[in-house]
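Q: structure for the following, please:
(2 chains)
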Amino acid sequence: MMGYIWSGLMIIGIMTATLSGRLEALNTVFFQSCEEAVLFTIGLAGIMALWSGMMNIAKGAGMIQAFSRAVKPILSYIFPEEKNEETLSLIVMNMVMNMFGAGNSATVFGIKAMKALDKSNHYRKRASSTMCMFLVINMSSVQLIPLTIIKIRNDVGSLDSVDILIPTIIATSVSTLSGIAICKFFERRG
Amino acid sequence: MDILKLISYSIIPSLLTIILVFGLVKKVDIYKLFIEGAKEGIHTAAHIMPYMIAIFVAIAFFNTSGALGILERLFTPICQLIGFPSELLSLLFIKPVSGSGGLAFIKTILDQYGADSYVGRTASVMMGSAETIFYTLAVYFGVTSVKNGRYVLVSGFIAYFAGVAASVIICKYI
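A: A predicted model of the protein is given here:
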């Protein structure tokens, strides 16, 4: 799908530029944007490295595990059908990692959790309710600190780059809670 | 300084302190752990670079040619009707499909309208409160035998639009 969107953006862009006589500008941005992409990504590399380093300390020191145990009781409400302790632990670890913006580690736990859920679903073609809920929570983002966004805001000269932190936490909670509510609604409808 | 600001500014430093102190108390090799984790972070950045180049060029073409402006003008009536800033349409469309696309669009928007403007702040909140829906779907169902995802996609999008609506409203007041 990304292939269509990507080529669509380029081809429509080139056509529009041709029709509106902006081909010169198009040539300029062609070179500019490549460089910008590289510089932009390098700029993000620092914060990504710093944060995954910090999260690795938290993981190594057992902090993530302790936090996961603390939030686990909530899970029996969200995932009433899942009784397997180990699977629930994987789900919690995925969520906690996501909360603290360690996306890579979160994906690793998430994939393990999905495989375990697939097994308890007897490898059926139809997704179980637990799988649906787990995926929707992952889709809705539970990240508490949007460090990458803060960094980008800083780079473009924001006077108050952290200002969006609390609004983001609220918006994230709204989207996650709506996701949970809507899944519960579909679950009950069968 | 108001209380919300104080909280905002203390979250990152306190989290850093807690992690470091926790590590010291548990007597793990925090420096080694940090470096190991940071390597992984650098790896991630290197990994996303090709995606970023692809999407940056495409977005630059789409934007510079004036196509983006036409698209925004087309949707402006609907946007006005529901109170959604039409400057954010591009971000609204790309985010569920592509994470790097979202990042590239947000940079474009912040450059163009300023990070501290209403549009810039709403874009930042929108971006921070959403995931790449299709990517999540592909990666997670991809490792299972599931062919019928039932209500996942619908629910994912409802959650997404709830988050977007929340961003638009919250940024007006906070």
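Q: from now on I want contacts and neighbour counts done on CA atoms only, so please keep to that.
A: Fine.
Q: tally up the residues packed near B:Ser10, please.
A: Neighbour count for B:Ser10, taken as other C-alpha atoms under 10 Å in any protein chain shown: 11.
Q: helix or strand for it, which one?
A: Per DSSP states H and E, B:Ser10 falls inside helix B:3-25.
Q: check which helices and strands that helix is in contact with.
A: Applying 3 or more C-alpha pairs under 8 Å, 6 or more residues apart in numbering or on different chains; DSSP states H and E, one finds that helix B:3-25 contacts helix A:23-60, helix A:165-189, helix B:30-64.
Q: between these, which one is nearest to B:Pro96?
A: Evaluated over these, closeness to B:Pro96 peaks at helix A:165-189, with 13.4 Å, by C-alpha to C-alpha.
Q: right, is that closest one up against chain B?
A: Yes: looking at helix A:165-189 against chain B by C-alpha under 8 Å from any C-alpha of the partner chain, the contacts come from A:165-172, A:174-179, A:182-183, A:186.
Q: show me how to select, in PyMOL, the buried members of these.
A: Here is the PyMOL command that selects the buried residues among the residues of helix A:165-189 next to chain B (16 or more other C-alpha atoms under 10 Å in any protein chain shown):
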select buried, chain A and resi 165+166+167+168+169+170+171+172+174+175+176+177+178+179+182+183
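Q: about what we covered before: quick check: mean pLDDT across the helix holding B:Ser10?
A: The pLDDT scores in helix B:3-25 average 89.
Q: that older thread, how about the helices and strands packed on helix B:3-25, which one is nearest B:Ile7?
A: Between those, helix A:165-189 lies closest to B:Ile7; by C-alpha to C-alpha that is 8.4 Å.
Q: in terms of secondary structure, what does the closest one contact?
A: Identification of packing neighbours for helix A:165-189 by 3+ C-alpha pairs under 8 Å, 6+ apart yields helix A:129-139, helix B:3-25, helix B:118-128, helix B:152-173.
Q: that helix to helix B:3-25, inter-axis angle?
A: If you take axes from the mean of the first three to the mean of the last three C-alpha atoms, to 10 degrees, helix A:165-189 sits at 80 degrees to helix B:3-25.
Q: show me what the helix or strand hosting A:Val108 is packed up against.
A: Using DSSP H and E, the element containing A:Val108 is helix A:103-120. Counting contacts by 3+ C-alpha pairs under 8 Å, 6+ apart, helix A:103-120 packs against helix A:85-99, helix A:129-139, helix B:133-142.
Q: pick the most buried one from the ones you listed.
A: Highest mean neighbour count among the helices and strands packed on helix A:103-120 (mean count of other C-alpha atoms under 10 Å in any protein chain shown): helix A:129-139, with a mean of 25.
Q: does chain B have contacts with the next helix or strand after it?
A: For helix A:129-139, the succeeding helix or strand toward the C-terminus, using DSSP H and E, is helix A:147-155. Yes: using C-alpha under 8 Å from any C-alpha, helix A:147-155 reaches chain B at A:149, A:152-153.
Q: now the buried members of these.
A: Taking 16+ other C-alpha under 10 Å as the criterion, what is buried in the residues of helix A:147-155 next to chain B is A:149, A:152-153.
Q: between those residues, which is nearest A:Ser129?
A: Ranked by distance to A:Ser129 (C-alpha to C-alpha), those are led by A:Ile149 at 32.8 Å.
Q: so what's the residue count around the nearest residue to the closest one once chain neighbours are set aside?
A: Distances taken as C-alpha to C-alpha, 6 or more residues apart in numbering or on different chains put B:Ser124 closest to A:Ile149, at 6.3 Å, once the chain neighbours are dropped. Neighbours of B:Ser124 under the rule other C-alpha under 10 Å: 31.
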